[in-house]
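Enquirer: Here is my input, please return the structure:
(2 chains)
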Number of protein chains: 2
Amino acid sequence: MNGLHIIADLYNLPENRLLISAKALAKRCVLACEAAELTVLGEHFYQFAGIDALQVGGATGAVVLAESHLAIHTWPERGEATLDIYVCNVTADNTRKAERLYAELLAALKPGDVMMQRVLRGNALPLAAAL
Amino acid sequence: MNGLHIIADLYNLPENRLLISAKALAKRCVLACEAAELTVLGEHFYQFAGIDALQVGGATGAVVLAESHLAIHTWPERGEATLDIYVCNVTADNTRKAERLYAELLAALKPGDVMMQRVLRGNALPLAAAL
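Expert: Coordinates of the predicted model:
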């Protein structure tokens, strides 16, 4: 299961329907996966209600990929979101596809600031025993 | 979106129905989330076919939580799986729930070896501009 996991926390997001509509976010995520030539197996997204009448609710969900997954959670009231893209390389090197998906979603969401790290998963040698 | 993300790569897994049945894996994951007092909003799991008649297919999926997500992918032919548990702390400190979910799933899967890291997400200060 060697692969690239992109972990991104997005800040200072401008207002965007994707942050407040689970339906719109799901559609955009699936399209971005397809644009990156990843294989979408299915998805589940959920629309949060706002805490009160003055606050809009966020959207949250995951896309299950043949190559692993995309997960995204939004906090429109804070202008923030988290994004996870994990793409394994069991049958091919999918690193470029993961990077393309990341670029697609940044372009769609336009965060002012990002904290991002690339975690390379699945080294050949396990380092620690379980528990 | 401060929170704990547990990233685990599981090796040397013994034979287990959870590795080869998306239905059984989904059910076990949802029960483990509930046992950890996390709020399940929905899930999507997918059953892979094996490459040929001699190989069983793996299972893959994600559980969408009010507190963020669980994602799991199995490779029964290699005795391996990856596990992601991300639990945000926006309204409460859910760290113990994440650790309990992790312990539940390790107990269910019994990996011989684990490579695991805890990523603390969502520091207050963004460090890098986007793109």
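
Enquirer: Please tell me how far A:A92 sits from chain B.
Expert: In this view, A:A92 and chain B are 14 Å apart by Cβ to the nearest Cβ, to the nearest Å. For every residue, glycine as well, the C-beta is placed using N, CA and C.

Enquirer: so that residue, which of the three states?
Expert: Look at A:A92: counting by DSSP: H, G, I helix; E, B strand; the rest coil, its state is coil.

Enquirer: try A:R100
Expert: helix.

Enquirer: neighbours around it, how many?
Expert: Neighbour count for A:R100, taken as other Cβ atoms under 10 Å in any protein chain shown: 18.

Enquirer: so what's the closest residue to it other than its chain neighbours up against?
Expert: Among residues not flanking A:R100 along the chain, A:A36 sits closest, at 4.1 Å (Cβ to Cβ, 6 or more residues apart in numbering or on different chains). By Cβ atoms under 8 Å, 6 or more residues apart in numbering or on different chains, A:A36 lies in contact with A:K97, A:A98, A:R100, A:L101, A:E104.

Enquirer: cool, and A:L19?
Expert: With contact set as Cβ under 8 Å, 6+ apart, A:L19 has these partners: A:L13, A:L25, A:G58, A:A59, A:T74, A:P76, A:A81, A:L109.

Enquirer: quick one: which helix or strand includes it?
Expert: If you go by DSSP states H and E, A:L19 is part of helix A:17-20.

Enquirer: just checking, which of the contacts of A:L19 belong to strands?
Expert: Those of the contacts of A:L19 mapping onto strands are A:A59, A:T74, A:A81, per DSSP state E.

Enquirer: Was I right to think the first one contacts A:G50?
Expert: No - using Cβ atoms under 8 Å, A:A59 makes no contact with A:G50, being 11.8 Å away.

Enquirer: Compare these two (neighbour count), which wins?
Expert: Using other Cβ under 10 Å, the more surrounded residue of A:A59 and A:G50 is A:A59, with 26 against 13.

Enquirer: Quick check: closest non-adjacent residue to that one.
Expert: Leaving aside its sequence neighbours, A:A59 sits nearest to A:A22 (Cβ to Cβ, 6+ apart; 4.0 Å).

Enquirer: just A:M116 next, same as before
Expert: A:A8 (4.2 Å).

Enquirer: mind listing what the one you found touches?
Expert: A:A8 neighbours (Cβ under 8 Å, 6+ apart): A:T82, A:L83, A:D84, A:I85, A:Y102, A:L106, A:V114, A:M115, A:M116, A:Q117.

Enquirer: can we see that at 10 Å?
Expert: Applying Cβ atoms under 10 Å, 6 or more residues apart in numbering or on different chains to A:A8 gives the contacts A:72, A:81-85, A:102, A:105-106, A:109, A:111, A:114-118, B:121, B:130.

Enquirer: all helices of chain A, in order?
Expert: In chain A, the helices defined using DSSP state H lie at A:17-20, A:22-35, A:95-109.

Enquirer: B:A32: which of those is closest?
Expert: helix A:22-35 (24.2 Å; Cβ to Cβ).

Enquirer: anything in stretch A:72-89 near chain B?
Expert: Yes - against chain B, stretch A:72-89 shows contacts by Cβ under 10 Å from any Cβ of the partner chain at A:I72, A:H73, A:T74, A:W75, A:E77, A:R78, A:E80, A:A81, A:T82, A:D84, A:Y86, A:C88.
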